[in-house]
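# build the 3D model from these lines:
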Amino acid sequence: MYPLQPNQAALLRAHCQHFSRLGWALFAQMASMVVVQLLVSVLVRILFPSLLTQPIFLWVLSVGSAYGAGVPAFCLVLRGTPAPTPPARRPMGPLSFCKALIISLGLIYLANLLTLLLTLVIGLARGAAVTNPVDSLASYPTVLNILLGCVIAPVSEELLFRRLLLERLRPYGDRFAILTSALCFGLFHGNLNQFFYAFAVGALFAYVVLRTGCLWQSILLHALTNASSVALVPLLELLGEVGEQLTSLLVLGSIVVGITFLITSWRDLRLERGSVSLSEGWKWRLFFENPGMLCFCLLAFVLAASYFL
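From the prediction side, this is the model:
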């Protein structure tokens, strides 16, 4: 390998610092969430231990720490980081939006089924089932789950990942921006059960924002996708055996139709090259080889590993 010229080394260092700042913002979100949860849990255990068994309090603690503390911490660290002008607004029409929604449902259901199979194999290998943090949602009131899944999470997460983060990755090319923002979105969830489907729909939502320039459409896609799990499926369960059959039809139909739409649309994908002239190898190397991103990935892996203990 030829030695780098001084100007080349300085340029690479600047890109590395840029990625590190993004990593520190992600780390700040996750770390502040963990710290707030631990501190509040300790104080409540000492002063009002009965609250730790109350679903509403646990919901407020979970949501408040992740979004009330985590989102401001993310924005504070990222404050002042330059971002290019957002792309021109070209919103999808109703048919294209419905198609994107079906693809989103197909991706999330397929990825979830594969993840359940993977965690089943891991559970058999270790002799104990893998804890699925999503199961805790069943203990919360349905109204609060709908509020979280259809309002709070879509708005906050799309702002963080498909606006603040994606804009700062877009100069490196659409392909790189989509994959890295989706990877960060998957790691953001902090557990294996949600990683793969979060990555899949994160990539789809990122592409939608890059092509349309409309964050509100990705927020709506996110909200409707979550609604299928937190509102529609629980409603179908009330119908008993008929509801189970309808749920199975929804899952299977979404996978078949959604993946078919995705395959047939693949040739129409448009990915811009970006303004930064770096090879793909250097982009990925600089993206990971920096303190901020390494700390974020390490913390995400530690949280994911905690569910195996």
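
# alpha carbons only for contacts and neighbour counts from here, please
Will do.

# show me where pLDDT drops low in the chain?
1-6 (pLDDT under 70).

# sketch out the helices for it, chain order is fine.
6-47, 55-63, 70-78, 94-126, 142-147, 153-159, 166-169, 174-188, 192-212, 215-227, 233-237, 241-265, 280-288, 291-306 (DSSP state H).

# can you list the ones you listed in TSV and add mean neighbour count?
Listed next are the helices of the chain as TSV, based on neighbours: other Cα atoms under 10 Å:
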stretch	mean neighbour count
helix 6-47	18
helix 55-63	16
helix 70-78	20
helix 94-126	18
helix 142-147	16
helix 153-159	20
helix 166-169	24
helix 174-188	23
helix 192-212	24
helix 215-227	21
helix 233-237	16
helix 241-265	16
helix 280-288	15
helix 291-306	18
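
# out of these, the one nearest residue 133 is which?
helix 192-212 (7.8 Å; Cα to Cα).

# and the angle for that closest one with helix 215-227?
Interaxial angle of helix 192-212 relative to helix 215-227 (axes from the mean of the first three to the mean of the last three Cα atoms, to 10 degrees): 150 degrees.

# ok, residue 145 touching residue 137?
Yes: using Cα atoms under 8 Å, residue 145 is in contact with residue 137, at 7.0 Å.

# got a list of what residue 284 touches?
Going by Cα atoms under 8 Å, 6 or more residues apart in numbering, residue 284 touches no other residue.

# any idea how far residue 121 is from the closest residue to residue 189 other than its chain neighbours?
Of all residues not flanking residue 189 in the chain, residue 195 sits nearest, at 6.6 Å (Cα to Cα, 6 or more residues apart in numbering). Per Cα to Cα, to the nearest Å, residue 195 is found 17 Å from residue 121.

# what of residue 306?
Using Cα to Cα, one gets 18 Å for the distance from residue 306 to residue 121.

# same question, residue 103
From residue 103 over to residue 121 (counting by Cα to Cα), the distance is 27 Å.

# phi, psi for the closest residue to residue 301 other than its chain neighbours please.
Spatial nearest neighbour of residue 301, chain neighbours left out: residue 190 (7.0 Å); criterion: Cα to Cα, 6+ apart. Per-residue torsions, residue 190: phi 70, psi 20 (degrees, to the nearest 10).

# hang on, residue 190 packs against residue 300?
Yes: with contact defined as Cα under 8 Å, residue 190 counts as touching residue 300 (5.0 Å).

# before we move on, the earlier item: wait, what's in contact with the residue nearest to residue 189?
Going by Cα under 8 Å, 6+ apart, residue 195 touches 186, 187, 189.

# return the residues in contact with the residue nearest in space to the middle of the chain.
Centroid-nearest residue in the chain, with Cα atoms, centre = their mean: residue 185, separated by 3.0 Å. Taking Cα under 8 Å, 6+ apart as the criterion, residue 185 is in contact with 161, 198, 199, 202.

# if you set the cut-off to 10 Å instead, what comes out?
For residue 185, the contact set (Cα atoms under 10 Å, 6 or more residues apart in numbering) comprises 26, 157-158, 160-162, 165, 179, 194-203.

# ok, residue 197 next?
With contact taken as Cα under 10 Å, 6+ apart, residue 197 is in contact with 104-115, 182, 185-186, 203.
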